[in-house]
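**Q** this one's sequence-less:
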């Protein structure tokens, strides 16, 4: 089965952002710094504490990220959103509240015309989230 995993890029604050996501969503968080990697020798000293790769995993959920920004810099846009399918009404409300802290609630949680609890937000790092819960009534 083919899968797709979200991979976020940050500009020096990957550890902070991924720790925030862990606090919001739970799961197991792992980091590898540039200094801990084989490419360490080729990188400037100031980059050795930057995150080469990180992963946050919980159940079937996985979010990956890095501080490795291309030379042209980090360009944030609105073409991609993170879709979070939640397993309960309590979970979606908790995740929505935590992820929107210091961000912007762009669409409050409400029952949609297609019958699900749905909302969206932009978190404090500029990432767009869509939260969805299919009530099993």
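**A** Great, that's in hand. Just so you know, these numbers come straight off a predicted model, no measurement behind them.
**Q** dump the residue contacts of the residue nearest to residue 51 when sequence neighbours are not counted.
**A** Of all residues not flanking residue 51 in the chain, residue 14 sits nearest, at 3.9 Å (Cβ to Cβ, 6 or more residues apart in numbering). (C-beta placed from N, C-alpha, C; glycine too.) Residue 14 makes contacts with 8, 50, 51, 54, 65, 66, 67, as judged by Cβ atoms under 8 Å, 6 or more residues apart in numbering.
**Q** burial check on residue 64, number of neighbours?
**A** 15 (other Cβ atoms under 10 Å).
**Q** so it, which of the three states?
**A** Reduced to three states with DSSP: H, G, I helix; E, B strand; the rest coil, the structure at residue 64 is strand.
**Q** for it, list the residues it contacts.
**A** Applying Cβ under 8 Å, 6+ apart to residue 64 gives the contacts 5, 6, 7, 8, 53, 54, 55, 56.
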